[in-house]
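1. Structure, please.
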Amino acid sequence: MAISIPEFARRYAAIRAGMEHNGLDCLLVYGLADDFNRGNIRYITGYGRGGCCVFPREGDPIFLMPPNQSKSPKLPKIMAARELLHLRETPDPTGQVVKELARFDRGNRVGIVGLNCIPVPVYLAVNERFPGRVTDAAGIFEKLRVVKSEEEIALLRKSAAIADDVFTMLMKTIRADMSDYDIYGKVKSTIFAAGCDYSFDLIDASGSHLNMTFWPTGEKLKANSTLFLEITPAYGGYYAQLPVTLPVVSYPPEIKKMVSVWEQANREALKILRPGTKVSDLFHALINTVKDSGYISPLRPGHAIGLDALDFWSITPDNEVILEPGMVLAVHPCIMTKLWEEGCGLGYTYLITETGAERFSQVELALLK
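-> A predicted model of the protein is given here:
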């Protein structure tokens, strides 16, 4: 299942309306092949491995590629918008970027989407060619990407269902003395067997502490301890997240209490997880519940999610974003006794609807205790 050509056409029209509003002749869109910086380039190309695209206000977008790749028979399978793009092979991306941008120059501004991804030589060359006219245009993409279309929501539902399958597999599989390498392999195998492009999966198997490591380190599960995972498959490029702290045989007593506190925090969040709520208010509802129970929650309790594992913003105390229908959030407050000591992290991915929030996952994490 991939994003359709009519959906890409809708996106192009909306982006160009934003370009006209902001006085931009052209956009230079850069992305990386990682879990936090591939979304912008995939949003306009369907290609999830990073790259560079020149997106004019009029005319076909130009995707720059290394030599000898544009004729690959696999390209239509990994670049959903292939028929809308002009592919340009080049051994010199810096010179080619400037050349392509110049073709669409009408004396207005040039926008960059993905400033943290653009190579320094390219950025310097573009600034030299268009002095005083280069601007950060990521806001155009953020406004469109944080509110999901029906096609995007369908892919997110599928990702969440795959995360549920991973959870079910783990509950049947994990046991004391099992290596985190073995666990990680089974997680990835389940995710890729379901047809996902990639996934982002934090793992921590070192007792009941919450260290937030990003990869296996050779730890072995201990009886009456926990396994922490952020299960985050990306089906069709869209990430959904299911953070879990799973019991190995059974929870330690303190962790059992923490799971009950998480359940309470999640209930408080659901009371205001609806259109019109300010994200900072959601933050305080989550964190204050944890603090009032005598624990700490020192990490961000969630974030927007979609084509990137973190779609532009997090749930923070100063975030003034107002929730609206079509936004998708991973909500996962952590609970600790002290920083990097005993703790748990659990949560779900939610769609903001017209009247409240829909939980994508079907598993009941509160029943773990």
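2. Next one: residue 239 from residue 206, what distance?
-> Residue 239 sits at a distance of 25 Å from residue 206 (criterion: Cβ to Cβ, to the nearest Å). All C-beta spots, glycine's among them, are computed from the backbone N, C-alpha and C.
3. Low-confidence stretches in the protein?
-> Where the chain drops to pLDDT under 70, the residues are 1, 213.
4. distance between the ends of stretch 99-119?
-> Distance across stretch 99-119, first residue to last, is 16 Å (Cα to Cα, to the nearest Å).
5. Also stretch 38-53?
-> 12 Å.
6. Roughly how far does the residue nearest to the spatial centre of the chain sit from residue 270?
-> By Cα atoms, centre = their mean, the chain has its centre lying nearest to residue 309, at 1.7 Å. Computed as Cβ to Cβ, the residue 309 to residue 270 distance reads 23 Å.
7. And residue 318, by the same measure?
-> For residue 318, the distance to residue 270 - Cβ to Cβ - is 23 Å.
8. and what of residue 93?
-> Relative to residue 270, and taking Cβ to Cβ, residue 93 is found at 47 Å.
9. try residue 61
-> Applying Cβ to Cβ to residue 61 and residue 270 gives a distance of 40 Å.
10. Over to residue 108?
-> From residue 108 to residue 270 the distance is 46 Å (Cβ to Cβ).
11. now residue 120
-> 45 Å.
12. now swap in residue 92 and tell me
-> Look at residue 92 and residue 270: by Cβ to Cβ, they are 53 Å apart.
13. who has more neighbours, the two?
-> Taking neighbours as other Cβ atoms under 10 Å, residue 92 and residue 270 compare with residue 270 leading, 16 against 10.
14. Which residue, other than its chain neighbours, is closest to the more buried one?
-> Spatially, and ignoring its direct neighbours in sequence, residue 270 is nearest to residue 357 (6.5 Å; Cβ to Cβ, 6 or more residues apart in numbering).
15. Report how many residues lie close to the one you found.
-> There are 21 residues near residue 357, going by other Cβ under 10 Å.
16. Look up which residues are beta-bridged to it.
-> Note on residue 357: beta-bridge partners by DSSP bridges are residue 352.
17. Grab the CA positions of stretch 351-360 and hand them over as CSV.
-> Taking Å, rounded to 0.1, in the frame of the first residue of the first chain, the C-alpha atoms of stretch 351-360 are listed here in CSV:
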residue,chain,number,x,y,z
LEU,A,351,-5.4,10.3,16.3
ILE,A,352,-7.1,13.5,17.2
THR,A,353,-10.7,13.3,15.9
GLU,A,354,-13.5,15.9,15.7
THR,A,355,-14.7,15.0,19.2
GLY,A,356,-11.7,13.6,21.0
ALA,A,357,-9.0,11.0,20.3
GLU,A,358,-8.8,7.6,18.8
ARG,A,359,-6.3,5.1,20.1
PHE,A,360,-4.8,3.1,17.2
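18. Can you point out the buried residues in it?
-> Buried positions in stretch 351-360, judged by neighbour count with 16 or more other Cβ atoms under 10 Å: 351, 352, 357, 360.
19. neighbour count winner among residue 239 and residue 206?
-> Neighbour count, other Cβ under 10 Å: between residue 239 and residue 206, residue 239 has more, with 30 against 20.
20. what residues are up against that one?
-> Shown in contact with residue 239 (Cβ atoms under 8 Å, 6 or more residues apart in numbering): 35, 159, 199, 200, 232, 233, 305, 306, 307, 308, 309.
21. now do residue 261
-> Taking Cβ under 8 Å, 6+ apart, we find residue 261 in contact with 289, 290, 293, 295, 335.
22. Next: residue 314.
-> Residue 314 neighbours (Cβ under 8 Å, 6+ apart): 300, 302, 303, 304.
23. Top of the residues you listed by number of neighbours, please.
-> Busiest of those [other Cβ under 10 Å] is residue 302, holding 26 neighbours.
24. in the sheet, who's paired with it?
-> Bridge pairing for residue 302 - DSSP bridges - gives residue 331.
25. ok, it to residue 328 distance?
-> From residue 302 to residue 328 the distance is 11 Å (Cβ to Cβ).
26. among the contacts of residue 261, who's most crowded?
-> Ranking those using other Cβ under 10 Å puts residue 335 first, with 27 neighbours.
27. which SS state does the closest residue to it other than its chain neighbours fall under?
-> Nearest non-adjacent residue to residue 335, counting by Cβ to Cβ, 6+ apart: residue 258, 4.3 Å away. Three-state call for residue 258 (DSSP: H, G, I helix; E, B strand; the rest coil): helix.
28. tell me the contacts of residue 258?
-> 295, 335, 342, 343, 344.
29. didn't the first one look like it was pressed against residue 334?
-> No. Here residue 295 lies out of contact with residue 334, judged by Cβ atoms under 8 Å, at a distance of 9.3 Å.
30. What lies in contact with stretch 288-299?
-> Contacts for stretch 288-299 (Cβ under 8 Å, 6+ apart): 212, 258, 261, 264-265, 268, 286-287, 333-339, 345.
31. For ChimeraX, write a command that selects the buried ones of those.
-> Buried residues within the contacts of stretch 288-299, by 16+ other Cβ under 10 Å, are selected in ChimeraX with:
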select :258,261,265,268,286,287,333,334,335,336,337,345
